[in-house]
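>>> Sequence and computational prediction follow.
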Amino acid sequence: MNTRRRQDAIVRSLRRTGTATIAELAEQVGASRRTVLRDIAALREEGFVIHAEPGRGSGLQLDPHSVQTTTRLSVAEIFALLISVASMRAAGGIPFAGLADAGLAKIEKALPADKLRDLRRFLDCLYVGQLAPEVDISDMGAMDPALLPAFETAFLNRQRLSFSYRDAKGARSHRDVEPQALLILPPLWYLVAWDPSAEDFRHFRMDRISKPRCTPDTTFRRRHVTFAKSVRRVKG
């Protein structure tokens, strides 16, 4: 369990049980007492009010009204929130759009400078439009959860992306491409990439992509992608 998930598990445990000892928390998250103590200190720095009863082996209590005051969201997680709002808006409006935008703006404001820079670069690759009514979506499937983290690495580091692709007839092939943009035409999402083998751009439906993997030690240049006039870029 990585640091972030372990600390989240500690907070959930304290909220659920009310009181827990360091030993109990260590057993629950599969870590040493020293590691849990470091986690508790880190959580306090982030704004969580955690009380400790006096004496060795005493319990810890989380103030039920305390909340995290610093953001721990990754670029990919914030990007997922932004594109979800953007896609809903493109589909024909979003309820409470003002509140959603205000909330996202507060999250962005709390980001460190390096994460904010990465988020802007990521958003620069996002385009939203409307799907043509004649497009068949009867076979639309779920998207692989591994896609967004892989895209983050590929777009920010300009690394090639390899994956397995299933075409409209169900035939599978292996692809090795240079990601250039993400295109959302609700409810379909596409990866727009330069295919070196074909020397042309290709659109890949993201629900047909599986096993995405960035190719280390590969770089590529950003290319200009031309979209229809109805497609707009989501600006950060």
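Right, received. Where do you want to start? These numbers come from a predicted model, not from an experiment.

>>> make it CA atoms for all contacts and neighbour counts henceforth
Will do.

>>> all helices for the chain, in order.
For the chain, the helices defined by DSSP state H occupy 3-17, 22-29, 33-45, 75-90, 97-109, 113-123, 147-157.

>>> how far out from the middle of the chain is the fourth one?
In terms of C-alpha atoms, centre = their mean, to the nearest Å, the centre of helix 75-90 is found 9 Å from the chain centre.

>>> and that helix, what does it pack onto?
In terms of contacts (3 or more C-alpha pairs under 8 Å, 6 or more residues apart in numbering; DSSP states H and E), helix 75-90 is packed against helix 97-109, helix 113-123, strand 126-128, helix 147-157, strand 172-185.

>>> partner strands of the last one, parallel or antiparallel?
Yep, that's strand 172-185 we're talking about. Next to strand 172-185 in the sheet, as set by DSSP bridges, lie strand 126-128 (parallel), strand 160-166 (antiparallel), strand 188-195 (antiparallel).

>>> Worst mean pLDDT among those strands?
Across these, strand 126-128 has the smallest mean pLDDT, namely a mean of 89.

>>> Identify each buried residue in that strand, please.
Within strand 126-128, the residues scored as buried using 16 or more other C-alpha atoms under 10 Å are 126, 127, 128.

>>> which residues sit in contact with the first one?
Think residue 126. Counting by C-alpha atoms under 8 Å, 6 or more residues apart in numbering, residue 126 makes contact with 181, 182, 183, 184, 233, 234.

>>> now do the second one
With contact taken as C-alpha under 8 Å, 6+ apart, residue 127 is in contact with 181, 182, 183, 184, 231, 232, 233, 234.
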